[in-house]
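A.B. asks: sequence-free structure coming up:
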């Protein structure tokens, strides 16, 4: 049985770099070794593991099934290694993916727009993943445990170990069917007398909305709750309930009527990250995006060549 002490970590690193580009020549250039030296290291590594990792042909190198499994594991090892180096270095290391935790709320448009523009800035350092977080506390716990690199929340964190900055806001409006809207003289009475649909997962948002309603002396007689937004929308379209939604000035609210009580409810969104992580390229990129303001960023969405360039795609694979 092989043990960790039996592994030549330089050979594992050599395997990882070659597997990443599936080219001995490119791998050797990246590491700074002669191709012949690198080839010899890979052969010794295969002999030590007693498994074939590469299929060698006139077209180049490709991974065997065992090689592909090992590469998935080595990615985790060396991506975490890059994070470690960046914690103790003044230089940008990069070379690892970022995971963003996004608090589940009534709208994800602003959060996903912000996250996609973050990738535009982070592209040359790695990829970007997102994970759904049910509630603010769950999001903060994921951040503290290191399960995510940073997050987006509707609340500013209270923990001293967490930094935050506002990245934008969205308005909440009330919504009912056209027919129901036309039946009431005072729209406040819609919110009082028709079953009011609250969020079953976003307790913080519910509190903000009920606080807003109390300002106008409104207490709904009946409330409903559902995990399924489509179900609530169908009920609302039938005139069975009144609901709330994020206001989108470009949306076509066909069959619905939106309304506010003097002013909409404004919900802020915050980026949050661990204090002390500012030296990481993942967080310095985030701060750069925040400082540049989301609406003023250069748009790269159609810049396909940029992604091809950083992905190191060879020209013989392109039209």
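C.D. replies: Good, I have the coordinates. Being a predicted model, the structure only gives us computed values, none of them experimental. Numbering: from 1, shown residues only.
A.B. asks: now the strands for the stretch 151-300 of the chain?
C.D. replies: 162-177, 196-199, 223-226, 243-246, 256-259, 265-274 (DSSP state E, counting those that start in this stretch).
A.B. asks: actually the stretch 1-150 of the chain, not the one I wrote
C.D. replies: 54-57, 60-63, 98-103, 128-133, 150-153.
A.B. asks: export the ones you listed to TSV and append columns for distance to residue 40 and mean pLDDT.
C.D. replies: C-beta here means a position set from N, CA and C on the backbone, and glycine is covered the same way. Formatted as TSV, the strands of the stretch 1-150 of the chain follow (distance: least, CB to CB, whole Å; pLDDT from 0 to 100):
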stretch	distance to residue 40	mean pLDDT
strand 54-57	13	86
strand 60-63	15	84
strand 98-103	36	93
strand 128-133	36	92
strand 150-153	42	95
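A.B. asks: mean neighbour count, those: which tops it?
C.D. replies: Mean neighbours per residue, mean count of other CB atoms under 10 Å, is largest over the strands of the stretch 1-150 of the chain for strand 150-153, with a mean of 26.
A.B. asks: still on that earlier bit, wait, which of the strands of the stretch 151-300 of the chain is closest to residue 57?
C.D. replies: With CB to CB, the closest approach to residue 57 among those belongs to strand 265-274: 45.8 Å.
A.B. asks: can you add mean neighbour count and mean pLDDT and give the strands of the stretch 151-300 of the chain back as CSV?
C.D. replies: Formatted as CSV, the strands of the stretch 151-300 of the chain follow (neighbours: other CB atoms under 10 Å; pLDDT from 0 to 100):
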stretch, mean neighbour count, mean pLDDT
strand 162-177, 18, 92
strand 196-199, 22, 91
strand 223-226, 14, 92
strand 243-246, 22, 88
strand 256-259, 17, 91
strand 265-274, 20, 92
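A.B. asks: adding distance to residue 40, write the ones you listed out as TSV.
C.D. replies: TSV is the format used below for these (distance: least, CB to CB, whole Å):
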stretch	distance to residue 40
strand 162-177	48
strand 196-199	61
strand 223-226	63
strand 243-246	60
strand 256-259	69
strand 265-274	43
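A.B. asks: for residue 22, which of those strands is the nearest?
C.D. replies: Shortest distance between residue 22 and these, using CB to CB, is found for strand 265-274: 34.5 Å.
A.B. asks: so what strands line up beside that closest one?
C.D. replies: Here strand 265-274 is paired, per DSSP bridges, with strand 150-153 (antiparallel), strand 162-177 (antiparallel).
A.B. asks: list the contacts of that strand.
C.D. replies: Contact with strand 265-274 is made by 105, 110-111, 114, 139-140, 143-144, 149-157, 161-173, 205, 208-209, 212, 244, 246, 283, 286, 290, as judged by CB atoms under 8 Å, 6 or more residues apart in numbering.
A.B. asks: show me where pLDDT drops low in this protein?
C.D. replies: Residue ranges of the chain with pLDDT under 70: 1-2, 89-94, 106-108, 249-251, 293-304, 306, 310, 312.
A.B. asks: could you pick out the longest helix of it?
C.D. replies: helix 65-87 (DSSP state H).
A.B. asks: what residues sit buried inside it?
C.D. replies: Using 16 or more other CB atoms under 10 Å as the test for burial, helix 65-87 gives 67, 70-71, 74, 78, 81-83, 86.
A.B. asks: reformat these as JSON lines; add distance to residue 314.
C.D. replies: Formatted as JSON lines, the buried residues of helix 65-87 follow (distance: CB to CB, whole Å):
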{"residue": "67", "distance to residue 314": "20"}
{"residue": "70", "distance to residue 314": "23"}
{"residue": "71", "distance to residue 314": "19"}
{"residue": "74", "distance to residue 314": "22"}
{"residue": "78", "distance to residue 314": "22"}
{"residue": "81", "distance to residue 314": "26"}
{"residue": "82", "distance to residue 314": "24"}
{"residue": "83", "distance to residue 314": "29"}
{"residue": "86", "distance to residue 314": "29"}
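A.B. asks: name the nearest residue to the residue nearest the centre of the chain, sequence neighbours excluded.
C.D. replies: To find the centre residue of the chain, average its C-alpha atoms and take the closest one (CA atoms, centre = their mean): that gives residue 130, at 2.5 Å. Setting aside the residues directly before and after it, residue 130 is nearest to residue 100 in space (CB to CB, 6 or more residues apart in numbering), at 4.9 Å.
A.B. asks: my read: that neighbour touches residue 114, true?
C.D. replies: No: applying CB atoms under 8 Å, one finds residue 100 not in contact with residue 114, separated by 9.0 Å.
A.B. asks: shared neighbours of those two, which are they?
C.D. replies: With CB under 8 Å, 6+ apart, residue 100 and residue 114 have common neighbours residue 152.
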